[in-house]
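A.B. asks: My questions are about this predicted structure, shown below with the sequence.
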Amino acid sequence: MSEASVVKADPVASPAPPPRDEESIPHPMEEWLRMDRIPHIWCPTCGLGTVVTAFIEGLKQTDLERDNVAVVSGIGCTGRVAGYVKLDSYHTTHGRAIPFATGLALSNPKLKVAVVSGDGDLVGIGGNHFIHAARRNMDLTVILVNNFIYAMTGGQVAPTTPETANTTTTPYGAFEPPFNIPHLAEACGAVYVARWTSLHVRRLTESIRKALSKPGFALVEVVTPCSTLYARRNRLGSGLDLLKFYHDNSTIQNGARTSDVGIDFQKPFIVGEFVDHDRPTWFQLMEARMSATLGDKFIPKEGPSCTNSK
Ligand SMILES: Cc1ncc(C[n+]2csc(CCOP(=O)(O)OP(=O)(O)O)c2C)c(N)n1
Ligand code: SF4
Ligand SMILES: [Mg+2]
């Protein structure tokens with residue numbers, strides 16, 4: 001053996017660490033996840049994991065008691081969130097997350113009900129529920145994961161798919177104009193509207209904290225890569241490549257007019273906090289009407305979005 005290839009032990013180097021027993025190291029999110037359901041079904045480099053992290057971190061930063069929070073999802077890859085988080089949760093039917101969530105909020109106004117669901121679920125099949133919950137200013141926090149596609153069912157065109165993007169049902173490129181989600185939400189009456197990518201984790205976490213803390217219909221759109229059905233079909237690389245593209249091509253413009261924040265295929269787009277104002281919640285409107293009509297016979301409920309906001 002030549003002198004050059006001899007590696008001598010360094011007498012001052014620290015001893016090698018003992019081998020890690022991966023099984024014995026608890027994951028920092030374990031307390032908040034149903035570990036019996038892990039490993040999850042999501043693909044490598046899917047953006048959904050960071051959305052869950054941001055959701056849990058945002059929730060931890062609120063004053064909400066864990067027992068007073070419920071999560072509702074519809075069907076889809078995003079819909080699996082309700083099954084993975086260790087909170088009272090409801091994995092409902094496709095497009096019906098908002099009506100189930102509305103029922104929960106009405107039956108127990110002390111609950112903070114969060115909906116975490118996909119673009120197809122919330123503004124495709126569930127679009128009608130979305131617009132009416134916003135119009136009523138129902139006390140719901142909606143986290144809409146926009147991966148621009150119906151992912152779970154094989155990558156069909158969604159009402160959010162940008163024009164020219166290739167999907168399994170638009171092999172020559174999508175041609176329908178997509179929804180601009182923040183504009184839709186604001187037009188229907190949402191009191192809080194923000195959009196981030198799933199790589200803006202700190203800003204996303206802060207928006208989720210604010211949305212959960214606000215009475216009324218609050219929407220956070222998260223532009224998130226689907227590696228398997230959107231990125232691959234459009235030859236955009238891995239989910240990480242797409243995540244980086246979204247992050248690097250998004251400009252933060254807090255307070256931007258929502259009519260200006262539509263998203264074109266693989267073009268720069270705007271993220272930020274767009275709407276934050278107050279108006280009476282559904283409970284407050286209902287209670288005001290009932291009190292005006294029934295007087296003392298009406299007994300209002302208690303809850304963060306009620307007039308009795310204890
Ligand atoms: C009534 C009904 N119609 C259609 C389906 C099939 N389906 C399940 S998930 C899904 C699309 C989900 O897309 P999205 O909400 O964007 O979620 P993603 O998988 O992209 O996260 C569809 C069409 C269904 N389960 N029920
Ligand atoms: S199909 Fe797309 S959205 Fe669904 S888990 Fe895989 S990467 Fe994520
Ligand atoms: Mg989708």
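C.D. replies: Nice, I can see it. Ligands and ions are numbered 1, 2, ... in the order given.
A.B. asks: Next, name the residue at the spatial heart of the chain.
C.D. replies: I143 (3.0 Å; Cα atoms, centre = their mean).
A.B. asks: which non-adjacent residue is nearest that one?
C.D. replies: V116 (4.5 Å; Cβ to Cβ, 6 or more residues apart in numbering). Any C-beta I mention is one placed from the backbone N, CA and C, and that applies to glycine too.
A.B. asks: swap in T45?
C.D. replies: Nearest one to T45, counting by Cβ to Cβ, 6+ apart, is G239 at 3.0 Å.
A.B. asks: ok, now how distant is that neighbour from ligand 1?
C.D. replies: 13 Å (Cβ to the nearest ligand atom, to the nearest Å).
A.B. asks: got a pLDDT number for that residue?
C.D. replies: pLDDT recorded at G239 is 94.
A.B. asks: thinking again about what came up before, and the residue nearest to the centre of the chain, what does it touch?
C.D. replies: Neighbouring residues of I143 by Cβ atoms under 8 Å, 6 or more residues apart in numbering: V51, F55, A114, V115, V116, S117, I208, A211, V220, V222.
A.B. asks: at 10 Å instead, please
C.D. replies: Taking Cβ atoms under 10 Å, 6 or more residues apart in numbering, we find I143 in contact with 51-52, 54-55, 58, 71, 73, 78, 81, 114-117, 122, 204, 207-208, 211-212, 218-222.
A.B. asks: so where does T205 fall, helix or strand?
C.D. replies: helix 201-213 (DSSP states H and E).
A.B. asks: need the next SSE after that helix, C-terminal direction.
C.D. replies: strand 218-223.
A.B. asks: Can you name the residue of the stretch 151-300 of the chain nearest to ligand 3?
C.D. replies: A151 (5.0 Å; Cβ to the ion).
A.B. asks: any idea how far ligand 1 is from that residue?
C.D. replies: 3 Å.
A.B. asks: wouldn't that residue be in contact with T161 here?
C.D. replies: No. Contact status for A151 versus T161: not in contact, 11.4 Å apart, counting by Cβ atoms under 10 Å.
A.B. asks: who touches both of the two?
C.D. replies: With Cβ under 10 Å, 6+ apart, A151 and T161 have common neighbours D119, G120, Y230.
A.B. asks: the domain parsing of this protein - what is it?
C.D. replies: 44-279, 281-310 (automatic domain parsing).
A.B. asks: ranking those domains by burial, who's on top?
C.D. replies: domain 44-279 (a mean of 21; mean count of other Cβ atoms under 10 Å).
A.B. asks: Quick one: the helices in this structure, in order.
C.D. replies: Along the chain, the segments classed as helices by DSSP state H run 48-60, 81-84, 97-107, 119, 127-136, 181-188, 201-213, 239-248, 282-294.
A.B. asks: hmm, the second one touching ligand 2?
C.D. replies: This means helix 81-84. No. Helix 81-84 lies apart from ligand 2 when judged by Cβ under 6 Å from any ligand atom; the minimum separation is 11.3 Å.
A.B. asks: What average pLDDT does that helix get?
C.D. replies: 97.
A.B. asks: Which residues does that helix contact?
C.D. replies: 29, 32-35, 37-38, 40-42, 48-49, 51-52, 55, 70-74, 88-92, 97, 114-118, 143, 145.
A.B. asks: Now with 8 Å, please.
C.D. replies: Residues contacting helix 81-84 (Cβ under 8 Å, 6+ apart): 33-34, 37-38, 40, 48, 51-52, 55, 71-73, 89-92, 116-117.
A.B. asks: before we move on, what about the fourth one?
C.D. replies: For helix 119, the surrounding residues in contact (Cβ under 8 Å, 6+ apart) are L144, V145, N146, N147, F148, I149, A158, P159, T160, I181.
A.B. asks: Recalculate using a threshold of 7 Å.
C.D. replies: L144, V145, N146, N147, F148, A158, T160 (Cβ atoms under 7 Å, 6 or more residues apart in numbering).
A.B. asks: Export these to a markdown table and append columns for distance to Y192 and pLDDT.
C.D. replies: Formatted as a markdown table, the contacts of helix 119 follow (distance: Cβ to Cβ, whole Å; pLDDT from 0 to 100):
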| residue | distance to Y192 | pLDDT |
| --- | --- | --- |
| L144 | 13 | 98 |
| V145 | 17 | 98 |
| N146 | 17 | 98 |
| N147 | 22 | 98 |
| F148 | 23 | 98 |
| A158 | 24 | 98 |
| T160 | 20 | 98 |
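A.B. asks: which of the residues you listed come close to ligand 2?
C.D. replies: Among the contacts of helix 119, ligand 2 is touched by N147 when using Cβ under 6 Å from any ligand atom.
A.B. asks: Quick one: name the residues of the stretch 1-150 of the chain near ligand 3.
C.D. replies: G118, D119, G120, N147 (Cβ under 5 Å from the ion).
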